[in-house]
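1. Below is the structure, and that's it, no one-letter string:
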């Protein structure tokens, strides 16, 4: 009977850990750089705060990704808009020097569009992390 209870407890812990990995927040917070990613079943969000001098690098990553998907939109120093890519993917982007918000509704966009936005955010996170590693 004890083994069965232990097995049930282990099963419950495994399920909780598995669910936690599906609905999670990722934080990267060092010195003047903070990145928060929330990826739940409906919405993917990224919020980043960083030194103003990194704004150009972040915008370069965003604009490179937008251009790859035939969008005529460009992100500049102060941008707040929904951008529609050629495949119909709609992504909200808000930038200010040293600040970035990206949001995509996963229920209203194709999965491929969500994956591309997530890849763009991962690249932004890598750019910010590599800058932090060099300090």
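-> Thanks, I have it. On a predicted model such as this, the values are computed, not experimentally measured, just so you know.

2. And residue 106, how far from residue 98?
-> Per C-beta to C-beta, to the nearest Å, residue 106 is found 27 Å from residue 98. The C-beta positions use only the backbone N, C-alpha and C, and glycine is treated the same way.

3. Likewise for residue 129?
-> Plainly put, residue 129 is 16 Å away from residue 98 if you go by C-beta to C-beta.

4. quick one, longest helix in this structure?
-> The helix of greatest length in the chain, counted in residues with DSSP state H as the criterion, is given as helix 111-133.

5. buried set for it?
-> For helix 111-133, a neighbour-count test (16 or more other C-beta atoms under 10 Å) marks 113-114, 116-118, 120-121, 124-125, 127-128, 131-132 as buried.

6. Against which helices or strands is it packed?
-> Taking 3 or more C-beta pairs under 8 Å, 6 or more residues apart in numbering; DSSP states H and E as the contact definition, the neighbouring helices and strands of helix 111-133 are strand 24-30, strand 33-39, strand 43-49, helix 55-68, strand 99-105.

7. do that again at 6 Å, thanks
-> strand 33-39, helix 55-68, strand 99-105 (3 or more C-beta pairs under 6 Å, 6 or more residues apart in numbering; DSSP states H and E).

8. Report the angle between it and strand 43-49.
-> Taking axes from the mean of the first three to the mean of the last three C-alpha atoms, to 10 degrees, helix 111-133 and strand 43-49 form an angle of 20 degrees between their directions.

9. Show me the shaky parts of the protein.
-> Of all residues in the chain, those with pLDDT under 70 make up the ranges 1-31, 132-135.

10. Count the neighbours of the residue lying closest to residue 96 once chain neighbours are set aside for me.
-> Leaving out its chain neighbours, the residue that sits closest to residue 96 by C-beta to C-beta, 6 or more residues apart in numbering is residue 78, at 5.7 Å. Summarising burial for residue 78: neighbours were counted as other C-beta atoms under 10 Å, giving 10.

11. what's the answer for residue 102, then?
-> The number of residues packed around residue 102, counting by other C-beta under 10 Å, is 21.

12. Is it correct that it is in contact with residue 46?
-> Yes: A contact is recorded between residue 102 and residue 46 when judged using C-beta atoms under 6 Å, the distance being 4.4 Å.
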